[in-house]
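Peer 1: Predicted structure and sequence below. I'll ask about it afterward.
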Amino acid sequence: MRLSFEPVEPDPALAEMSVEEAQAVLTVFHAAVLSERPEIRIIPPSRLRLLDEVDGKGWERHLRERFLSRFGGALLSLPETWEHSRLYQALKLSPRYMGAGVREAAAELFSSPVFLASVCLSVVVYFGAWLNPEPLFSKAFAVTLTAALALTVGMLEVANLALACLRLYRESEAARTQKELDAASEHFGKSVGGTMLRVMVMVASMGVAKTAPTVPHGGLGALLGSPMHAVEGGLAVGAAATATVVADGSLILSGVALGEVATHVCGGMALCATMNGGAGGSGSSAGLSTRYGPPHTRANPPHNEAIEKDLASREATEHSRLRKNKAQVDAKDSPLLDPKPVGGTRFRRPDASSVRPDGVRHNTNYVSNLRDLKRELEAFEAMRRADPKAIHELYLLDGTLVRRYVPAGVKFP
């Protein structure tokens with residue numbers, strides 16, 4: 001299947017990126033790394049402390065293994081360690097040359113050694129494929145991510161970022177003086193706008209994520225807003241797919257399913273591209289499940305479905321007092337109030353709440369949009385203060401755990 005991308009007006013909301021968004025990205029990114037390697041500890045604001053790692057570079061090996069397993073082999077050379085590589089140094093310097101709308105956010109992101117190393121890996125492992133006249137992706141994950149990015153921001157934006165990354169790699173590797181390294185960093189920094197920075201964040205984060213890349217609204221995809229392109233009827237990328245970016249800016253996919261078939265396989269490695277708000281196509285939103293209560297919101301079906309699925313799994317494991325988007329209560333159904341309310345909000349409404357067979361209450365919230373993560377973290381802490389004897393969790397819609405609180409003496413799961 002050949003996908004062509006007609007020029008469309010860029011989304012002005014993506015032109016800038018705030019420090020708060022960058023901090024939300026790092027919160028989610030670090031949570032993904034910690035879930036994979038619990039011996040790694042990340043200390044605010046961004047310093048790294050390693051436990052049980054004699055050489056202190058175990059986290060770099062972990063990242064490298066994750067990227068290679070998801071994206072395939074690297075076409076560009078991988079250094080033994082990133083900290084002293086010229087690419088790493090040039091990327092670290094680049095925020096100072098970026099525009100005012102993204103400079104502070106990029107500096108916040110690139111202050112994290114583990115995130116910056118992931119950006120380096122995305123350059124040599126994923127964007128390195130653009131070295132070919134017609135970039136070819138044969139790893140199913142890379143194919144799916146390429147299609148998702150193309151449909152969300154357009155093929156031109158992704159290709160321009162890839163070319164900027166390749167130029168940075170070549171110039172930084174060729175640099176022999178600090179002045180030459182600064183020049184490489186300046187060329188890159190001046191070419192990166194808000195949308196390109198967001199795409200870079202997506203690729204770097206997907207290298208360590210457990211879930212498949214999806215278009216918004218779930219997970220980090222929310223950084224990119226509504227898709228700019230869509231395929232009528234839906235699009236699912238098969239496990240044996242390949243993707244080729246051709247000179248005219250179109251994307252050729254093999255191993256795809258279209259139409260009604262795609263509606264039955266939206267999950268795992270599937271990419272469902274028909275979404276409300278996307279230019280170039282249309283589709284109806286999914287039906288809202290109401291088994292456990294009224295729709296959480298009609299404007300965001302995936303959020304509602306995540307709650308319903310969560311409560312269904314709890315019911316199957318004999319949880320009782322299943323509650324959907326209702327005020328936090330104690331064992332006697334009395335309202336639980338935050339002893340230190342933020343902004344005058346005295347009580348919270350967990351998305352999903354239940355009581356385990358052992359009598360422990362379990363509250364969970366879901367984040368649809370990273371821009372709301374700060375608010376959701378405040379809600380999480382408020383719920384914990386109101387009920388320190390309960391389990392509290394905060395997830396992205398793609399299943400990424402952001403934060404969990406388990407009371408002392410309580411077994412989990």
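Peer 2: Looks like it came in fine. Numbering: from 1, shown residues only.

Peer 1: Spatially nearest residue to the residue nearest the centre of the chain, not counting backbone neighbours?
Peer 2: Nearest to the mean C-alpha position of the chain, by CA atoms, centre = their mean, lies residue 220 at 2.6 Å. Setting aside the residues directly before and after it, residue 220 is nearest to residue 205 in space (CB to CB, 6 or more residues apart in numbering), at 5.2 Å. Where C-beta positions appear, they are placed from N, C-alpha and C, glycine not excepted.

Peer 1: which residue ranges form the helices in the stretch 201-350 of the chain?
Peer 2: For the stretch 201-350 of the chain, the helices defined by DSSP state H, counting those that start in this stretch cover 260-263, 301-316.

Peer 1: just to revisit the earlier point, show me what contacts the residue nearest to the centre of the chain?
Peer 2: 25, 28, 201-202, 205-206, 209, 370, 396, 398 (CB atoms under 8 Å, 6 or more residues apart in numbering).

Peer 1: Nearest to residue 153, out of the helices of the stretch 201-350 of the chain?
Peer 2: With CB to CB as the criterion, residue 153 lies closest to helix 301-316 of the helices of the stretch 201-350 of the chain, at 19.7 Å.

Peer 1: Check whether residue 172 really touches residue 183, as I assumed.
Peer 2: No: Residue 172 is not in contact with residue 183 according to CB atoms under 8 Å; the separation is 9.6 Å.

Peer 1: who's more crowded, these two?
Peer 2: Shown here are residue 172 and residue 183; by other CB atoms under 10 Å, residue 172 has more neighbours (25 against 15).

Peer 1: quick one: that one and residue 178, what's the gap?
Peer 2: From residue 172 across to residue 178, the span is 12 Å (CB to CB, to the nearest Å).

Peer 1: which SSE is the nearest residue to residue 160 once chain neighbours are set aside in?
Peer 2: The spatial neighbour of residue 160 that comes closest, neighbours along the chain excluded (CB to CB, 6+ apart), is residue 196 at 6.8 Å. Secondary structure from DSSP states H and E places residue 196 in helix 194-206.

Peer 1: What would the helix or strand harbouring residue 22 look like as PDB? C-alpha coordinates only.
Peer 2: Element membership for residue 22, per DSSP H and E: helix 19-36. What follows is helix 19-36, C-alpha atoms only, in PDB (Å, rounded to 0.1, in the frame of the first residue of the first chain):
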ATOM      1  CA  VAL A  19       9.200  22.900  30.600                       C
ATOM      2  CA  GLU A  20       6.200  21.300  32.300                       C
ATOM      3  CA  GLU A  21       5.700  19.000  29.300                       C
ATOM      4  CA  ALA A  22       9.300  18.100  29.300                       C
ATOM      5  CA  GLN A  23       9.200  17.200  33.000                       C
ATOM      6  CA  ALA A  24       6.100  15.100  32.300                       C
ATOM      7  CA  VAL A  25       8.000  13.200  29.600                       C
ATOM      8  CA  LEU A  26      11.000  12.500  31.900                       C
ATOM      9  CA  THR A  27       8.600  11.300  34.600                       C
ATOM     10  CA  VAL A  28       7.100   8.800  32.200                       C
ATOM     11  CA  PHE A  29      10.400   7.900  30.600                       C
ATOM     12  CA  HIS A  30      12.200   7.300  33.900                       C
ATOM     13  CA  ALA A  31       9.200   5.200  35.100                       C
ATOM     14  CA  ALA A  32       9.600   3.000  32.100                       C
ATOM     15  CA  VAL A  33      13.300   2.500  32.600                       C
ATOM     16  CA  LEU A  34      12.900   1.800  36.300                       C
ATOM     17  CA  SER A  35      10.200  -0.800  35.600                       C
ATOM     18  CA  GLU A  36      12.700  -2.600  33.400                       C
END
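
Peer 1: and it, what other elements does it pack with?
Peer 2: strand 40-43, helix 58-71, helix 103-110, helix 113-121, helix 194-206, helix 373-386, strand 401-405 (3 or more CB pairs under 8 Å, 6 or more residues apart in numbering; DSSP states H and E).
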